[in-house]
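*Asks:* My questions concern the predicted model and sequence given below.
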Amino acid sequence: MLNKFRDKFNGIMTGIALRLTRMNIRPWMASTLGLVFVILASYILIYTEITSYTVTMSVILFALGGFMDAVDGALARVQDRVSRWGAFYDSFLDRVTEIIYVLALYLSGIISPLSSYLYIVTSLLISYTRARAEAISINLSGVGIMERAERILILLIGLLIWSVTKYNIEILMLILIILNTVTILQRILIVKKRI
């Protein structure tokens, strides 16, 4: 869904990557810093009182982690350091950070155990379908309504709204789980069609 903005976004990231390159920042540093931001965001949820302020701080830190995830790829391209290891490390940390944060939402009591479980499972299956498709030379980049950027953006905006209104956040989680499931089915059907 956000692919239409990708070219403009990549241009902005390239400019930022050029500035960071002058500071001798390497892609793996940005990736790892993203993980640190997400751990801090999760720590706030688990070990502090849940208020509008603490949730907002947690969301900001997680968003910074996501920003670092975007920067690392731009750094790799600008510095001509694109590698299979870098792609693997980046993708691995994407899964880890999402799991850590959703687990923190559960441990803090914001979402239920069932919601956290189903969200994590469906998110991992989205990634798994792409990985398995790529193993048989089928590219699923941009396929499906809920890639990682979309689901993280919706989750964070939903959390910010929840921190102020205290609406039933399980409704948001149910919507995300359904959209994740639709994405999985879309990808399975595309693979079947292309095979």
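*Replies:* Arrived safely.
*Asks:* all contacts plus neighbour counts: C-alpha atoms, from now on.
*Replies:* Noted.
*Asks:* Render the CA-only coordinates of the least confident helix or strand in the chain by mean pLDDT in PDB, please.
*Replies:* Taking mean pLDDT, DSSP states H and E as the measure, the helix or strand of the chain with the lowest value is helix 6-22, at a mean of 81. What follows is helix 6-22, C-alpha atoms only, in PDB (Å, rounded to 0.1, in the frame of the first residue of the first chain):
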ATOM      1  CA  ARG A   6       8.700   4.400  -2.100                       C
ATOM      2  CA  ASP A   7      10.600   6.400  -4.700                       C
ATOM      3  CA  LYS A   8      10.200   9.700  -3.000                       C
ATOM      4  CA  PHE A   9      11.000   8.100   0.400                       C
ATOM      5  CA  ASN A  10      14.200   6.500  -1.100                       C
ATOM      6  CA  GLY A  11      15.300   9.900  -2.300                       C
ATOM      7  CA  ILE A  12      15.000  11.300   1.200                       C
ATOM      8  CA  MET A  13      16.800   8.300   2.700                       C
ATOM      9  CA  THR A  14      19.600   8.600   0.200                       C
ATOM     10  CA  GLY A  15      20.200  12.200   1.300                       C
ATOM     11  CA  ILE A  16      20.300  11.200   5.000                       C
ATOM     12  CA  ALA A  17      22.600   8.300   4.200                       C
ATOM     13  CA  LEU A  18      25.100  10.600   2.500                       C
ATOM     14  CA  ARG A  19      25.200  12.700   5.600                       C
ATOM     15  CA  LEU A  20      25.600   9.700   7.900                       C
ATOM     16  CA  THR A  21      28.400   8.300   5.600                       C
ATOM     17  CA  ARG A  22      30.400  11.500   6.300                       C
END
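*Asks:* State the next helix or strand along the chain beyond that helix.
*Replies:* helix 27-47 (DSSP states H and E).
*Asks:* Now do the residue most central in space within the chain, the pLDDT please.
*Replies:* For the chain, the residue nearest the mean C-alpha position is residue 148 (4.6 Å; CA atoms, centre = their mean). Predicted confidence (pLDDT) at residue 148: the value is 88.
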